[in-house]
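A.B. asks: my questions concern the predicted model and sequence given below.
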Amino acid sequence: TSLEEFTCAGVLTDTKRETPTFVRFSSVLGSRGAPETAREVRGFATKFYTDEGNWDLVGNNIPVFFIQDGTQFPDLIHAGKPEPRVEIPQAQTAHDSFWDFASLAPESAHMLLWMLSLHATPRSFRMMGGFGVNTYVLRNARGRRHFAKFHWRPHLGRHGMTWDECQILAGRDPDFLRRDLADAIDEGFFPVYDFGVQLIPEENENDFDFDLLDCTKVVPEDLVPVRWVGSMTLDRNPVDFFAEVEQAAFCVQNLVPGIELSLDPLLSLNSYDSEAPTSTSFQSTARDHAVPRGPNYVPNRFGRPAPDATTISNDANARESLPPPRVHPLAPGFRVEAAGATRPPKFAEHLAQARAFHRSLAPEEKAMLAAAARFELARVADRGVCRRIVELF
């Protein structure tokens, strides 16, 4: 389905185009070798190699986030990592540091319930949805703007594992999720995901009882249905994981004409950061309309994915010097929103959608969520932290 009415981005308007894509599924808290079935958020980052340049959609498998403002991001990551004294527990939030942070951040209430649900223990990457989380802006050729929320929907449906299943697999096969995905692709069972977007006219921004730019909130689909516009098929595994996956860099600044950043406070600050220096050449593309000659990592090539296996012999050869590619000029009106706007009062409401999410669960899902909460908080030594969490809800 073409979105020409809403954007001038060819990747979303040309129905005859097939755009090469690269996806990296990731965990957050665990170090290398940590069990992949641990309870946590999963990254769902996609790089579109469009005719107009690379577009990075950096998202998760949960549609909301813990914080509203990017300045809190370092504190959140530090809180989620293992206790600094003895470096445990690995890949888990069941410790004082995380829940102390959460108890002092009431905006995390909605995300905490998602994290304690089956969404944080996916049965397979092939059965896991994805979300852009932040609010973006689509601009059409006439300059009209719509707020946009991006979605990925797996054809196999969304499925989670019970905590007992997670613990068994953590011992038997800590690489279970990656192995399941790689084996399926090798055997020709290619995962397919529908790509959709919720669109809200800019003039309707204030029509809701929550703020569209608050990434701790979802836009209910009964209010704004998802428009399913295309699909993505994962049909190839990497040849060299380090060269093609580890060195992949994603940055929300990597946009194409017709897709823009909003004033979402988390997105605005993240737009001044990137995962690694490897993406800076493409940020320069947006600024200077040219890519300078110099080091360039394979998965971040402008306009196309990694080459075939014959050009990747080892890790050292994964770094190349590439000539500047042909770069498309930016469309008139292309701009990146700046941070600094005053936060509206709606940002201060934190519990309505958390309650709605809990009400939407089946009785069995509510019981598993309660069991997950007991597991986590039973490992928090500071009773004051537990008391603040109970008071939060």
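C.D. replies: Looks like it came in fine.

A.B. asks: does the residue lying closest to residue 91 once chain neighbours are set aside count as helix, strand or coil?
C.D. replies: The shortest distance from residue 91 to any non-neighbouring residue, by CB to CB, 6 or more residues apart in numbering, is to residue 30 (3.0 Å). The C-beta positions use only the backbone N, C-alpha and C, and glycine is treated the same way. With DSSP: H, G, I helix; E, B strand; the rest coil as the basis, residue 30 sits in coil.

A.B. asks: I'd like to know how many residues surround residue 30.
C.D. replies: Burial of residue 30 is recorded as 18 neighbouring residues (other CB atoms under 10 Å).

A.B. asks: for it, give me its contacts.
C.D. replies: By CB atoms under 8 Å, 6 or more residues apart in numbering, residue 30 lies in contact with 36, 38, 40, 90, 91.

A.B. asks: tell me, how many residues neighbour the second one?
C.D. replies: By the measure other CB under 10 Å, the count of residues near residue 38 is 22.

A.B. asks: coming back round to it: please report how far the residue nearest to residue 91 lies from residue 202.
C.D. replies: Using CB to CB, to the nearest Å, residue 30 is found at 40 Å from residue 202.

A.B. asks: ditto for residue 252
C.D. replies: 20 Å.

A.B. asks: the more surrounded of those two?
C.D. replies: residue 252 (22 against 14).

A.B. asks: name the SS class of the more buried one, please.
C.D. replies: Residue 252 - assigned by three-state DSSP - is coil.

A.B. asks: that one reaches residue 268, doesn't it?
C.D. replies: No: in this structure residue 252 lies outside contact range of residue 268 using CB atoms under 8 Å: 9.5 Å.

A.B. asks: overlap of the contact sets of these two?
C.D. replies: residue 261.

A.B. asks: and the strands in this structure?
C.D. replies: Residue ranges of the strands in the chain, as given by DSSP state E, are 21-26, 43-50, 53-60, 130-131, 136-139, 145-154, 192-201, 227-233, 259-261, 294-297, 319-322.

A.B. asks: what mean pLDDT does the fifth one get?
C.D. replies: The average of the pLDDT scores along strand 136-139 is 97.

A.B. asks: by contact count, what packs against that strand?
C.D. replies: strand 145-154, strand 259-261 (3 or more CB pairs under 8 Å, 6 or more residues apart in numbering; DSSP states H and E).

A.B. asks: now the last one: average pLDDT?
C.D. replies: In other words, strand 259-261. What strand 259-261 shows for mean pLDDT is 96.

A.B. asks: where does the stretch 201-350 of the chain dip in pLDDT?
C.D. replies: Where the stretch 201-350 of the chain drops to pLDDT under 70, the residues are 273-342.

A.B. asks: which residues in it form helices?
C.D. replies: Ranges of helices within the stretch 201-350 of the chain are 241, 265-270, 280-288, based on DSSP state H, counting those that start in this stretch.

A.B. asks: same check, this time on the stretch 1-150 of the chain
C.D. replies: 10-13, 73-80, 96-103, 109-115.

A.B. asks: rank these by pLDDT, which is bottom?
C.D. replies: helix 73-80 (a mean of 91).

A.B. asks: could you check the angle that one makes with helix 96-103?
C.D. replies: Relative orientation of helix 73-80 and helix 96-103, computed by axes from the mean of the first three to the mean of the last three CA atoms, to 10 degrees: 130 degrees.

A.B. asks: from the contact counts, what lies against helix 73-80?
C.D. replies: Counting contacts by 3+ CB pairs under 8 Å, 6+ apart, helix 73-80 packs against helix 96-103, helix 265-270.

A.B. asks: next, count neighbours for the closest residue to residue 375 other than its chain neighbours.
C.D. replies: Computed as CB to CB, 6+ apart, the closest residue to residue 375 that is not its neighbour in sequence is residue 94, at 6.4 Å. Neighbourhood size, residue 94 [other CB under 10 Å]: 16.

A.B. asks: I'd like the distance between residue 94 and residue 31.
C.D. replies: Noted for residue 94: a distance of 16 Å to residue 31, by CB to CB.

A.B. asks: over to residue 345?
C.D. replies: 41 Å.

A.B. asks: picking that back up, in JSON lines: the strands of the chain, plus distance to residue 161.
C.D. replies: Listed next are the strands of the chain as JSON lines, based on distance: least, CB to CB, whole Å:
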{"stretch": "strand 21-26", "distance to residue 161": "15"}
{"stretch": "strand 43-50", "distance to residue 161": "18"}
{"stretch": "strand 53-60", "distance to residue 161": "18"}
{"stretch": "strand 130-131", "distance to residue 161": "18"}
{"stretch": "strand 136-139", "distance to residue 161": "31"}
{"stretch": "strand 145-154", "distance to residue 161": "15"}
{"stretch": "strand 192-201", "distance to residue 161": "20"}
{"stretch": "strand 227-233", "distance to residue 161": "24"}
{"stretch": "strand 259-261", "distance to residue 161": "35"}
{"stretch": "strand 294-297", "distance to residue 161": "34"}
{"stretch": "strand 319-322", "distance to residue 161": "38"}
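
A.B. asks: can you tell me which of these is nearest to residue 182?
C.D. replies: Among the strands of the chain, strand 21-26 comes nearest to residue 182, with 11.1 Å by CB to CB.

A.B. asks: in its sheet, which strands sit next to the closest one, and in what direction?
C.D. replies: For strand 21-26, the pairing partners within the sheet under DSSP bridges are strand 43-50 (antiparallel).
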